[in-house]
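*Asks:* task: produce atomic coordinates for the following.
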Amino acid sequence: MNRDLRNQLHLEVTDGVPMVHRPLIGVTMGREKSQRFFGLNLFIMNQTYVRTLEQLGALPVMIPLHMTEASLRGIFERLDGLFLPGGEDIDPANYGAERHDLLGATDKERDRTELLLTRWAVERGMPVLGVCRGAQMINVACGGSLYQDILSDRPDLTKHDYFPPSFERYRISHPIDIEADSRLAHALGQIHEVNSMHHQGLDRIGYGLRVVARADDGLPEAVEAPALPYVVGVQWHPEELAKTDQMSANLFYDFVRAAAGPWRSQAPEGWAQQFRVGCAAVVNSQPVTEYRNGEHSIEYQPAYEQRCN
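*Replies:* Take a look at the predicted model:
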């Protein structure tokens, strides 16, 4: 990111930031078998995510897969925010669907790791930013579902899968309309142009989430959790645009500032239990009863309890 752009964002020229402290942001990783290093199993990460977060004030830390739940929880308790990057498709078993013929590669261990972290973060009210797969993970973690292949499931929609190497990662693919009263509009404005590298999309919207941006064909492009300090998921890849586009950089900076802020005291009273009950109700297609003062009127089934806890 160039120095002029960072100055426009009111950041110091050095890596110091005008915050009380630099927040520790957990970034989940992918994995692959190395062709270069004798078939070793490697954890991988797109460096652009990490560089963008660091340049805008965060202290990013990589979260590997294959950890016990107790070890994962130990890392989580030290975080100020959670970043969910792009990657492979999410296994439809996580939202109660059969596998589609056009479903891409999945990684059950990454799904498990991100579902645990995302649900813990949403229950706690910890700031979360999800990009592409990350936005889809936020939705699934809140009881939502996905189109496994957009053009097969919704032939009335348009192309969204402008993947490399046929297309550059920073290629602008289409505009989006953003709700004026959303947190996203604060960072990006109401009309924004985005790149697009996804063949899956948001279908049933999870509990506590609101669609705050749509493509011109109506497909959801972003969700937020209005009741919480900061939970935002976007379907495009702003990290590829933030190098030269101030508004895309603003999105990351807004997230970093939220993670550095007093979010621990800002989640609604009783939110964790309300989220568990509401998530289960969404999965079970039941009406959601508001949770207040420690009481609720919905009993949720064990199968959904496992999926939403």
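*Asks:* in this protein, which ranges drop under the pLDDT threshold?
*Replies:* In the predicted model of the chain, residues 1-20, 32-35, 37-38, 159-171, 173, 197-198, 285-309 satisfy pLDDT under 70.
*Asks:* pick out the residue closest to the middle of it.
*Replies:* Computing the C-alpha centroid of the chain and ranking residues by C-alpha atoms, centre = their mean puts Gly130 first, at 1.8 Å.
*Asks:* surely it forms part of a helix?
*Replies:* No: following the definition DSSP: H, G, I helix; E, B strand; the rest coil, Gly130 is strand and is not counted among the residues of a helix.
*Asks:* is it true that it touches Trp236?
*Replies:* No: between Gly130 and Trp236 no contact is recorded; they are 11.4 Å apart, counting by C-beta atoms under 8 Å. Every C-beta, even on glycine, is put in place using the N, C-alpha and C of the backbone.
*Asks:* which helix is the longest one in the protein?
*Replies:* Criterion DSSP state H: the longest helix present in the chain is helix 108-124.
*Asks:* can you give me the buried ones in it?
*Replies:* Residues 110-124 are the ones in helix 108-124 that count as buried (16 or more other C-beta atoms under 10 Å).
*Asks:* Cys142: which of those residues is nearest?
*Replies:* Within the buried residues of helix 108-124, distances to Cys142 taken as C-beta to C-beta reach their minimum at Val122, with 6.6 Å.
*Asks:* from Gly278, how far off is that closest one?
*Replies:* With the distance defined as C-beta to C-beta, to the nearest Å, Val122 ends up 11 Å from Gly278.
*Asks:* now do the shared contacts for these two.
*Replies:* Here Val122 and Gly278 share the contacting residues Gly208, scored by C-beta atoms under 8 Å, 6 or more residues apart in numbering.
*Asks:* how about the nearest residue to Cys132, chain neighbours excluded?
*Replies:* Ranked by C-beta to C-beta, 6 or more residues apart in numbering and with sequence neighbours excluded, the top spatial neighbour of Cys132 is Gly86, at 3.6 Å.
*Asks:* quickly find the element holding that neighbour.
*Replies:* Gly86 is located outside every helix and strand, with elements delineated by DSSP states H and E.
*Asks:* just say helix, strand or coil for Val140.
*Replies:* When states are read from three-state DSSP, the local structure at Val140 comes out as helix.
*Asks:* wait, Val283 touches Asn139, no?
*Replies:* No: using C-beta under 8 Å, Val283 and Asn139 do not qualify as a contacting pair, with a distance of 11.8 Å.
*Asks:* who's more crowded, the two?
*Replies:* Asn139 (28 against 25; other C-beta atoms under 10 Å).
*Asks:* for the more buried one, give me its contacts.
*Replies:* Contacts were defined as C-beta under 8 Å, 6+ apart; by that measure Asn139 touches 145-146, 202, 205-206, 209, 223, 233.
*Asks:* quickly find the element holding Leu151.
*Replies:* Assignment of secondary structure by DSSP H and E places Leu151 within helix 150-153.
*Asks:* so for that helix, what gets flagged as buried?
*Replies:* Applying a neighbour-count criterion of 16+ other C-beta under 10 Å, the buried positions in helix 150-153 are 150-151.
*Asks:* what about the helices in the stretch 101-250 of the chain?
*Replies:* Assigned helices in the stretch 101-250 of the chain, in chain order: 108-124, 133-141, 150-153, 183-188, 246-260 (criterion: DSSP state H, counting those that start in this stretch).
*Asks:* how far does the longest one sit from its chain's centre?
*Replies:* Remark: helix 108-124 is offset 11 Å from the chain centroid, using C-alpha atoms, centre = their mean, to the nearest Å.
*Asks:* that one - contacts with which helices or strands?
*Replies:* Under the contact definition 3 or more C-beta pairs under 8 Å, 6 or more residues apart in numbering; DSSP states H and E, helix 108-124 sits against strand 24-28, strand 30-33, helix 69-76, strand 81-84, strand 128-131, helix 133-141, helix 271-283.
*Asks:* want to throw those into TSV with distance to Asp181?
*Replies:* What follows is these, written out as TSV (distance: least, C-beta to C-beta, whole Å):
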stretch	distance to Asp181
strand 24-28	26
strand 30-33	35
helix 69-76	31
strand 81-84	23
strand 128-131	19
helix 133-141	19
helix 271-283	21
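*Asks:* those: which one's closest to Glu54?
*Replies:* When those are ranked by distance to Glu54, counting by C-beta to C-beta, first place goes to strand 24-28 at 9.0 Å.
*Asks:* from what I see, Val232 and Val223 are in contact.
*Replies:* Yes: taking C-beta under 8 Å as the contact criterion, Val232 and Val223 are neighbours in contact, 7.5 Å apart.
*Asks:* report the separation between Tyr207 and Gln136.
*Replies:* Between Tyr207 and Gln136 the distance, using C-beta to C-beta, works out to 15 Å.
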